[in-house]
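[1] heads up, no residue letters with this:
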């Protein structure tokens with residue numbers, strides 16, 4: 001878990017709490033995105049037994065693709081704003097690196 005300790009910190013095993021807070025915030029954001037996507041793309045529209053016909057499966061695939069595309073665009077805009085403000089994090093702005 002190298003992202004938890006700062007590179008400039010002494011090799012004493014100290015934990016960088018700012019990076020932990022950043023990772024927790026990012027994880028909360030990803031979890032919220034996933035929950036919203038599931039509720040909008042699947043919600044109560046499909047049977048609970050898990051059997052989908054081809055049309056339902058294609059519909060879900062398209063919905064998920066749209067959500068992912070929007071998430072990507074929002075992330076790019078936020079990174080551009082962060083870079084313009086001088087707050088860009090090294091490695092693409094993500095505590096998890098590129099997912």
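    In hand now; what should we look at? None of these values were measured; they are calculated from a predicted model.
[2] which intervals of this protein have sub-threshold pLDDT?
    Across the chain, the ranges flagged by pLDDT under 70 are 1-12, 87-99.
[3] spatially speaking, which residue is in the middle of it?
    residue 30 (3.6 Å; Cα atoms, centre = their mean).
[4] Packing partners of the helix or strand encompassing that residue?
    Assigned by DSSP states H and E, residue 30 belongs to helix 17-41. With contacts taken as 3 or more Cβ pairs under 8 Å, 6 or more residues apart in numbering; DSSP states H and E, helix 17-41 sits against helix 54-84. Where C-beta positions appear, they are placed from N, C-alpha and C, glycine not excepted.
[5] Who are the packing partners of the helix it packs on?
    When contacts are defined as 3+ Cβ pairs under 8 Å, 6+ apart, helix 54-84 sits against helix 17-41.
[6] quick revisit: distance of the residue nearest to the centre of the chain relative to residue 70?
    For residue 30, the distance to residue 70 (Cβ to Cβ, to the nearest Å) stands at 14 Å.
[7] and what of residue 34?
    With the distance defined as Cβ to Cβ, residue 34 ends up 13 Å from residue 70.
[8] So residue 48: helix, strand or coil?
    coil (DSSP: H, G, I helix; E, B strand; the rest coil).
[9] What's the local residue count around it?
    Residues near residue 48, counting by other Cβ atoms under 10 Å, number 6.
[10] Equivalent analysis for residue 63, please.
    Here the number of neighbours of residue 63 (other Cβ under 10 Å) works out to 17.
[11] So it is in contact with residue 38, correct?
    No: at 10.0 Å, residue 63 does not count as touching residue 38 under the criterion of Cβ atoms under 8 Å.
[12] What residues sit buried inside stretch 56-68?
    By neighbour count on 16 or more other Cβ atoms under 10 Å, the buried set for stretch 56-68 is 59, 60, 63, 67.
[13] Which residues are in contact with the last one?
    Residue 67 is in contact with 33, 36, 37, 40, 41, counting by Cβ atoms under 8 Å, 6 or more residues apart in numbering.
[14] Buried members of those residues into ChimeraX, please.
    With 16+ other Cβ under 10 Å as the criterion, this ChimeraX line picks the buried residues out of these:
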select :33,37,41
